[in-house]
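K.L.:
Predicted model, plus sequence, below.
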Amino acid sequence: MRLIAENLGGERGGETIFSGIGFALEKGQALIVTGPNGAGKSTLLRVVAGLLPVAAGRLLLEGGAEDFPSVASACHYLGHQNAMKTALSVAENLRFWRDFLGADFLSAEEALETVGLDGIGHLPFGYLSAGQRRRAAIAKLLVSRRPLWLLDEPTAGLDKASEERFAVLMRKHLEDGGIVVAATHLALGLGGAKELRMTG
Ligand SMILES: Nc1ncnc2c1ncn2[C@@H]1O[C@H](COP(=O)(O)OP(=O)(O)OP(=O)(O)O)[C@@H](O)[C@H]1O
């Protein structure tokens, strides 16, 4: 599997935010997207995730057509928002995502254990601390098997131990043939990752 962006452009509210972006990622490779506030990192991830249209150029996924007819169907998108309902329990949220995304992987309980949140699956999501919410959102990556992880500031608000645990999860995903595209201001502990610097 290969994710390719050719001369990609993205817009917000009719304004060009970036243009001429190109990269090619093989399975097992990570791309770290860096750049100042407003450079367009989140916009790029949202374009790759299919949440915003491709304004110019093209985006393609080679070698996964039977399982994934589009780039969007191959990806997990972890945005700034955690995409969880505050009134539902943590486990109910994860079960919703597991049903919605398909391609079952870990159970909600196993995913919570993996991010160190075992024992709190019954709590409403809204009761969790900011870092716990982020960890529950990370658990979402584990309930459904999707090869392309698009991560927007994934470690914002995480403590050191959680950051390290997440680095292990990302490395495992890459070893298993996954691809990671992460926008971040912080080091993610992914040696050998490619870097794309956006300047706005
Ligand atoms: N809905 C919108 N309509 C118009 N402009 C927008 C919209 N959303 C974002 N923008 C603009 O798009 C530009 C890129 O924003 P984006 O969130 O992609 O930057 P970023 O590199 O992720 O920044 P940060 O490091 O602060 O997260 C900014 O100038 C922002 O004001």
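P.N.:
Right, received. Where do you want to start?
K.L.:
For this protein, which residues are neighbours of the ligand?
P.N.:
With CB under 6 Å from any ligand atom as the criterion, the chain comes near the ligand at residues 12-13, 17, 35, 37-43, 183. Bear in mind the C-beta positions are built from the backbone N, C-alpha and C, glycine included.
K.L.:
Going through those, which ones are buried?
P.N.:
Among the residues of the chain next to the ligand, those classed as buried by 16 or more other CB atoms under 10 Å are 17, 35, 39-43, 183.
K.L.:
For the protein, name the helix or strand with the lowest mean pLDDT.
P.N.:
helix 71-74 (a mean of 92; mean pLDDT, DSSP states H and E).
K.L.:
Give me the helices and strands touching that one, please.
P.N.:
strand 56-62 (3 or more CB pairs under 8 Å, 6 or more residues apart in numbering; DSSP states H and E).
K.L.:
quick one: contacts of the strand it packs on?
P.N.:
Residues outside strand 56-62 that contact it (CB atoms under 8 Å, 6 or more residues apart in numbering): 1-9, 19-22, 47-48, 68, 70-71, 74, 148.
K.L.:
Among those residues, name the ones in helices.
P.N.:
Those of the contacts of strand 56-62 mapping onto helices are 47-48, 71, 74, per DSSP state H.
K.L.:
can you name the two of those residues that are farthest apart?
P.N.:
Val47 and Ala74 (14.6 Å; CB to CB).
K.L.:
which of the two has more neighbours?
P.N.:
Using other CB atoms under 10 Å, the more surrounded residue of Val47 and Ala74 is Val47, with 26 against 20.
K.L.:
what's the spacing between the more buried one and Tyr77?
P.N.:
Using CB to CB, to the nearest Å, Val47 is found at 11 Å from Tyr77.
K.L.:
with the residues of the chain next to the ligand in mind, which one is nearest to Phe125?
P.N.:
Ser42 (22.4 Å).
K.L.:
Mark which of the residues of the chain next to the ligand are part of strands, please.
P.N.:
Among these, DSSP state E puts 12, 17, 183 in strands.
K.L.:
Show the contacting residues for the first one.
P.N.:
Meaning Arg12. Neighbours of Arg12 in contact, by CB under 8 Å, 6+ apart: 43, 52.
K.L.:
Quick one: buried ones out of the contacts of strand 56-62?
P.N.:
Of the contacts of strand 56-62, these count as buried by 16+ other CB under 10 Å: 1, 3-5, 8, 21, 47-48, 68, 71, 74, 148.
K.L.:
Lowest pLDDT pick from these?
P.N.:
Within the buried ones among the contacts of strand 56-62, Phe68 has the lowest pLDDT, namely 86.
K.L.:
Would you map the strands across this structure?
P.N.:
Going by DSSP E, the chain shows strands at 2-12, 15-26, 30-34, 56-62, 75-78, 148-152, 179-183, 194-197.
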